[in-house]
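Participant: Got a sequence here, can you model it:
(3 chains)
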Amino acid sequence: MSDAALTHPLVLCIALPLLGAMLVTALPRWSVRLGILAAVATAAAAVALAATVWQQGTLHLMLGGWDRQLAIALRADGIATALVLMANLVALGISVYASGYFHDRVRVRSFWPLWLLLWAGLNGLFLAGDLFNLYVMLELLGIAAAALGALTGNRDAVAANLRYLLVGLLGSISYLLGVALLYTAYGTLDLGLLAAGIADSPQLLAVNAAAMTLMVAGLALKAALFPLHFWLPPAHANAPAPVSAALSALVVKAVFYLILRLWLDLFWPITGMAAAMLPALLGAVAIVWGSWRALRAERLKLLAAYSTVAQIGYLFLFLPLLAATPPGPARDDLLAALLLMAVTHGFAKAGFFLAAGLVQTNAGHDRIDDLGGTAQRLPATTFAIALSGSALIGLPPSGSFIGKWLLMQSAIATGQWWWVIVVTTGSLLASAYVFRVLSRAFGLEPTPMRFITDARAEVPALTLALVSVAVLGLASGPVWTLLGLSAAGVGA
Amino acid sequence: MSAPAGLDRATERSRDLRLLLAVLLTLLGVALTLVYLIALNAGAAPRLADLAYERLPSTGVQNPVTAVLLNYRAYDTLMELAVLLAALLGIWALGPAPPGFQRSGAVLAAMVSWVVPLLIVTGGYMLWVGGYAPGGAFQAGALLGAAGVIVRLAGDPRAGLPGEAAQRWLLVAGVLVFTLVGLGLMAFGAGFLTYPPTLAKWLILLIEAAATVAIGAALAAAYVGGRPPGPDARPTAEDEDALTPAQTPANPPAPPLDPRP
Amino acid sequence: MLIAQFLYGGAGLVLFTLGLWSFLVHEPLLRKIIALNVTGAGVFHVLIAIAYRGDAAPPDPVPHALVLTGIVVAVSATALALMLGARLQDADEEDQTP
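Facilitator: Residues are numbered from 1 along each chain as shown, chains lettered A, B, ... in the order given. Now for the predicted structure:
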């Protein structure tokens, strides 16, 4: 394989879903078939990307072949690749599920183009190396996500997603002002060049700090960090199930990824302990508050949405720990734990929402108190809920068990023991809300006749849940390898 | 303030909150201005300008802004066309277009028949002139979109656009041609959206022509405000029954808003 | 640095702050959408201002192109927000007149 061909998967991860979106828009009769084709092709490109990064290390591509300052860069390092792989496998599962979920012709034709555009935006965001291009990707994500969330057209969904759209726009404008300030001071938009510039210019602390505040605050709004989470539960709970899964598992995660990228790569010289404490404290409140609201939720999908608020909180706890840990194996472990938690939550929450959608379709509602007998009617779906629930709690052998374990270990090692209390409380509350659902679901006597009732819908949910528990927990080694490969790429 | 009487305390509190917000935002504005002053003096001054002009001869166009939009940062432009399409598809997903305006009278009709061809010709000129002077696909597309708005105001329910099937092809033309050119260049070993200097001018013109059509169609269709009327405009009763029954009985199941959660 | 550059960009920052104020304080959807557009216009002002290099030198084309891209994105988002708002209004009117 030639050197140029190595970067092909990088482009294909973005171009294929885009092309697919155009074809399903132009040929609505073939929506489902073309959509599934595009989904399979895109996921294959993501696997090819992961394989290439696995063998070659960080990939870097200057689009248009211009000088680094002038061109837009695409890049895939270990962190980006791990998340791209997770996002594309989850998205493939969601696509298979969606091919059976929508029956109304109009809705099928509306879903597929927007879904593939959202997918292109996700991959574009993970792989972008240019601040302004990231802004365009954020807007693509925000617009496609709000449009998909309002797909059912009922009043609550439209109102929630209108709010989501407006809040998202405010967040991206704030981000864009930060980008404008950085371009004013450094004359470049390339992440790598800017990172070097910021590291060399401690005298521009005011500019760096202002840009960081504008960008991170704008993104925290889009990532639903407490207390900026108010828009998330109604928007995610009222969307159609495959869309809820995509929003909760992928879109919020992508925005967090961008915060992490800015925090670690761009603003590392100024993101010390003091700066990291605020988001972490908010994250801690998010864990307790989100889990509590999930416990009190009356509907299954609302429970899942509040659980996302809590799970995003865990990711922010890593910031002060990373700040306190000097580069070395301990910090790599911490990064791997962070990645593992994000990836596990991606699979688990997608599985949970897809299963919740099945419960809703089957029972006609998703009120938790009236779920009795679900385990008998939909054994595979209930099993998927149980599996992804155990990953949300962080039970062994799920990936989040290892993630939380390393998180607590590092908290004690760096003397920040108070996070241990937060994580323990969050896990206890999570077990309470998961068991509350399960105890209702196992309400009736007769034993099930068949495990799987609707393969096309149940298999994706079950597979995603299973991956979150078994595969990521028992075989989490590759995450470390991927990170090791990109150690040179981070900050370079 | 429109708060009803009897809520004096709440009104007072909200006034205090507004005052606090005003003070905070003023501080923010002052701080941002100071930061902007520092950033201006940071010494990055020519920024990318010199480099952009230096590379201009090999971009295939003479207008530097077009060079940035369609060559240096063509990928941004591609994704931005996707954003426009996503917004339009989102509008279509919300339901069929509201009924058209009343047919125009003789005076308006005569004016429309003058203005619209003029806008279309000016759009074509804008597209061509973008290669060496201010202009380009967005300006041209905006003019076409404006023509569509005028036609719609004059009473055409479809804003001068063709039927749904053809309209869909117009809408995707921009991103489709852009992506295919990019992938084609990649297949021939040049790299995604890396134009060979000899072909750059014509490839950019091809992309811009497709983008103009797509932008014009998307803007006009967005103004129409919903799916074009046709057989797909409304979900059938059979489709409605295919999924879960209504969960919030408060809403009557009237299209386009149906109560399915 | 040029004075004109500072004043024009500073005016953009004022617009940004005013838009933010309006977005946070006003309830009606239309005002919120206009406020967001004012906020965006403020940021575009800053970008246009830094492109200026005096009367002798041609302006920096990169921020110009960024603004053009930003405008199309803002138009798209505004269009979708307005349509969502219109649907919401339809739904509320249906509720009131059953």
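Participant: Nearest residue to A:A457 in space, please, no chain neighbours.
Facilitator: For A:A457, ignoring the flanking residues on the chain, the nearest one in space by Cβ to Cβ, 6 or more residues apart in numbering or on different chains is A:G100 at 5.0 Å. Where C-beta positions appear, they are placed from N, C-alpha and C, glycine not excepted.
Participant: Would you mind writing the CA trace of the helix or strand hosting the one you found as PDB?
Facilitator: Using DSSP states H and E, A:G100 falls within helix A:78-101. Only the C-alpha atoms of helix A:78-101 are listed here, as PDB (Å, rounded to 0.1, in the frame of the first residue of the first chain):
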ATOM      1  CA  GLY A  78      -5.500   6.600  19.200                       C
ATOM      2  CA  ILE A  79      -8.200   8.500  21.100                       C
ATOM      3  CA  ALA A  80     -10.000   9.600  17.900                       C
ATOM      4  CA  THR A  81      -9.700   6.100  16.400                       C
ATOM      5  CA  ALA A  82     -11.100   4.400  19.400                       C
ATOM      6  CA  LEU A  83     -14.100   6.700  19.400                       C
ATOM      7  CA  VAL A  84     -14.600   6.500  15.700                       C
ATOM      8  CA  LEU A  85     -14.600   2.700  15.900                       C
ATOM      9  CA  MET A  86     -17.100   2.800  18.800                       C
ATOM     10  CA  ALA A  87     -19.300   5.400  17.100                       C
ATOM     11  CA  ASN A  88     -19.400   3.600  13.800                       C
ATOM     12  CA  LEU A  89     -20.200   0.200  15.300                       C
ATOM     13  CA  VAL A  90     -22.900   1.700  17.400                       C
ATOM     14  CA  ALA A  91     -24.200   3.600  14.400                       C
ATOM     15  CA  LEU A  92     -24.300   0.400  12.400                       C
ATOM     16  CA  GLY A  93     -26.400  -1.200  15.100                       C
ATOM     17  CA  ILE A  94     -28.700   1.700  15.200                       C
ATOM     18  CA  SER A  95     -29.100   1.600  11.400                       C
ATOM     19  CA  VAL A  96     -30.100  -2.100  11.400                       C
ATOM     20  CA  TYR A  97     -32.600  -1.400  14.200                       C
ATOM     21  CA  ALA A  98     -33.900   1.700  12.400                       C
ATOM     22  CA  SER A  99     -34.500  -0.300   9.200                       C
ATOM     23  CA  GLY A 100     -37.200  -2.100  11.100                       C
ATOM     24  CA  TYR A 101     -38.400   0.600  13.400                       C
END
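Participant: pull the CA atoms of the helix or strand following that helix into PDB?
Facilitator: Next helix or strand after helix A:78-101 toward the C-terminus (DSSP H and E): helix A:105-127. What follows is helix A:105-127, C-alpha atoms only, in PDB (Å, rounded to 0.1, in the frame of the first residue of the first chain):
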ATOM      1  CA  ARG A 105     -43.100   6.000   4.400                       C
ATOM      2  CA  VAL A 106     -42.700   9.700   5.100                       C
ATOM      3  CA  ARG A 107     -40.800   9.100   8.300                       C
ATOM      4  CA  VAL A 108     -38.500   6.500   6.600                       C
ATOM      5  CA  ARG A 109     -37.600   9.000   3.900                       C
ATOM      6  CA  SER A 110     -37.000  11.800   6.500                       C
ATOM      7  CA  PHE A 111     -34.900   9.600   8.800                       C
ATOM      8  CA  TRP A 112     -32.200   8.200   6.500                       C
ATOM      9  CA  PRO A 113     -30.700  11.300   4.900                       C
ATOM     10  CA  LEU A 114     -30.600  13.200   8.200                       C
ATOM     11  CA  TRP A 115     -29.200  10.200  10.000                       C
ATOM     12  CA  LEU A 116     -26.400   9.700   7.400                       C
ATOM     13  CA  LEU A 117     -25.600  13.500   7.500                       C
ATOM     14  CA  LEU A 118     -25.400  13.200  11.300                       C
ATOM     15  CA  TRP A 119     -23.100  10.300  10.900                       C
ATOM     16  CA  ALA A 120     -20.800  12.200   8.500                       C
ATOM     17  CA  GLY A 121     -20.800  15.000  11.000                       C
ATOM     18  CA  LEU A 122     -19.800  12.700  13.900                       C
ATOM     19  CA  ASN A 123     -16.900  11.200  11.900                       C
ATOM     20  CA  GLY A 124     -15.900  14.600  10.700                       C
ATOM     21  CA  LEU A 125     -15.800  15.900  14.200                       C
ATOM     22  CA  PHE A 126     -13.700  13.000  15.500                       C
ATOM     23  CA  LEU A 127     -11.200  13.300  12.700                       C
END
